[in-house]
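what's the 3D shape of this:
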Amino acid sequence: MFTTFTLRRWITCYAVLICCLIKAQTVKIDNTSELIFTHVIYRHGHRNPLGTYPNDPYKEDAWINGYRQLTPYGCQQLHELGQYLRKRYQNLLSNNYTASEIYVRSTDTDRTLCSASCNLAGLFPPHGKQIWNPSVLWQPIPIHTVKGKEDYLLKRSAPCPKYDEVFKKQTKKVIKQINTLYTGLFEYLTPLTGYKHFSIEKTAQLHNSLSLEKQAGMKLPVWADEIWPDPLSGTMKPIIDILENLKQTHKMLLFNSPEKARLKFGFLVGTIVEAMRDKLNKPSFKPSKMIMYSAHEGTLLGLIHALSISPIEYPPFAACYMIELYKDVNEIPFVEIHYRNGSNSEAKPVHMPACGNGYRCPWEIFQKVLEPNSINSIEEVQQACKIRNISLPNSVIR
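Below is the predicted model of the structure:
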């Protein structure tokens, strides 16, 4: 694991993506069918903490380049993912980067934009006439984005009053029960962490800080590894592990109903389905091979809930979903979804229960299953979210 704390100087995204040269795994695509299009949606790579808790002795200056930034190890993860995708899609993509084949979209944060750059460096190393400097085996590839408050495609924090209303209604009781169940632990942590009142809503920030500090070789407070009873599991665990479980529980509550998932990522689902439909019906559709999204854990969690995927896994850094459109030997289209659980792992097929027992989902069923969870235009987003007097971009992937 890359040690952020002991690094003497910052290596910029540009420098790291050039230097990361890692071997990729070879992936076989079913030779009986033709892969014609794919969506690739991944979480950014390893990053510095987003912030910290009040009593943390390590403040922002302890982290190379500050809070929220992609680390060189995070760039390495995405570069390796790019090499993996090059092997996986060697029969889909041209050997050289071809602008008409791929569209790349990122949220408007440094870590996702840098992750996209690192990933593309692994996916499209320059060849022949694309080499502009023999000492720099990298080429510029466009990455598109919009402001976070306007990004209803990939950013869960984009304002949606209706979602806020639904979330409060559906989760208020559960959150209260969890806070009550963990009253002893939370009261213990309140003075230690410096929060005025500790609750499940604070677990993500606290665990995020502690876990990244531990990975970076920083000394944690003694209480982080104290053994404490965990009411939900009925076992004794280190406090840092209990915090991780509670963090993931709270994150899951953000999207664990069809209505919540639709309000936050129904537009992404609708956009994915529309692009596949265009690929099947419009020979001149561009991008002709791949749409790539560089996003966040919340994006992946919301998407898999909206896609009705089973089981639900919490996505680590560099986790990646591939939603692939095929045609069988009879030219009948079908969809497969594959998941790669972080770096240096093999992608595995994902089951959609509504599509039967297998992993292939007939195109007509795929569309039908996702129709209730889809939002198909910016106007529908505004209507569903009950947004007024906000100007949103009309273009999604062009």
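
ok, residue 69 - contacts?
Going by Cβ atoms under 8 Å, 6 or more residues apart in numbering, residue 69 touches 47-48, 63, 110-111, 114. Where C-beta positions appear, they are placed from N, C-alpha and C, glycine not excepted.

following element in sequence after the helix or strand where residue 243 lies, please.
Per DSSP states H and E, residue 243 falls inside helix 239-253. Downstream of helix 239-253, the next assigned helix or strand under DSSP H and E is helix 258-281.

quick one: classify residue 304 as helix, strand or coil.
At residue 304 the chain is in helix, as set by DSSP: H, G, I helix; E, B strand; the rest coil.

the chain should start at 34 in everything you say after this.
Sounds good: first residue 34 from here, last item residue 337.

that older thread, residues of the helix holding residue 276 that come out buried?
272-284, 286 (16 or more other Cβ atoms under 10 Å).

before we move on, what about stretch 98-115?
Using 16+ other Cβ under 10 Å as the test for burial, stretch 98-115 gives 98, 102-115.

could you pull out the strands for the stretch 184-333 of the chain?
Taking DSSP state E, counting those that start in this stretch, the strands of the stretch 184-333 of the chain run over residues 260-263, 268-271, 323-328.

reformat these as JSON lines; add mean pLDDT, distance to residue 127 and mean neighbour count.
Formatted as JSON lines, these follow (pLDDT from 0 to 100; distance: least, Cβ to Cβ, whole Å; neighbours: other Cβ atoms under 10 Å):
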{"stretch": "strand 260-263", "mean pLDDT": "97", "distance to residue 127": "52", "mean neighbour count": "16"}
{"stretch": "strand 268-271", "mean pLDDT": "97", "distance to residue 127": "50", "mean neighbour count": "13"}
{"stretch": "strand 323-328", "mean pLDDT": "99", "distance to residue 127": "11", "mean neighbour count": "25"}
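
point to the residue nearest the middle of this protein.
residue 76 (2.9 Å; Cα atoms, centre = their mean).

is that residue in contact with residue 331, as I believe?
No - using Cβ atoms under 8 Å, residue 76 is not in contact with residue 331; the gap is 9.1 Å.

wait, doesn't residue 214 sit right on residue 263?
No - look at residue 214 against residue 263 with Cβ under 8 Å: they stay out of range, at 9.7 Å.

tell me where the longest strand sits in the protein.
Criterion DSSP state E: the longest strand present in the chain is strand 67-76.

which residues sit in contact with the residue lying closest to residue 240 once chain neighbours are set aside?
Nearest residue to residue 240, sequence neighbours excluded (Cβ to Cβ, 6 or more residues apart in numbering): residue 276, at 4.0 Å. Counting by Cβ under 8 Å, 6+ apart, residue 276 makes contact with 236, 239-240, 243.

among those residues, name the ones in helices.
Members of the contacts of residue 276 lying in helices (criterion: DSSP state H): 236, 239-240, 243.

which residue lies farthest from the center of this protein?
The chain, farthest from centre, Cα atoms, centre = their mean: residue 363 at 34.5 Å.

that one falls within a helix, correct?
No - judged by three-state DSSP, residue 363 forms no part of a helix; its state is coil.

I'd say residue 338 and residue 296 touch.
No - contact criterion Cβ under 8 Å: residue 338 and residue 296 do not qualify, at 11.1 Å.

who has more neighbours out of those two?
Using other Cβ atoms under 10 Å as the criterion, residue 338 and residue 296 rank with residue 296 on top: 28 against 22.

ok, the closest residue to that one other than its chain neighbours - contacts?
Of all residues not flanking residue 296 in the chain, residue 196 sits nearest, at 4.1 Å (Cβ to Cβ, 6+ apart). For residue 196, the contact set (Cβ under 8 Å, 6+ apart) comprises 293, 296-297, 418.

dump these to CSV, plus distance to residue 251 and pLDDT.
Output for the contacts of residue 196, formatted as CSV (distance: Cβ to Cβ, whole Å; pLDDT from 0 to 100):
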residue, distance to residue 251, pLDDT
293, 36, 97
296, 38, 97
297, 34, 97
418, 40, 96
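
so which of these comes closest to residue 162?
Comparing the contacts of residue 196 against residue 162 with Cβ to Cβ picks out residue 297 as the nearest, at 43.3 Å.

and for residue 412, the neighbour number?
Residue 412: 11 surrounding residues under other Cβ under 10 Å.

what's the pLDDT at it?
Residue 412 carries a pLDDT score of 92 in this model.

since that was my last question, I'll sign off now.
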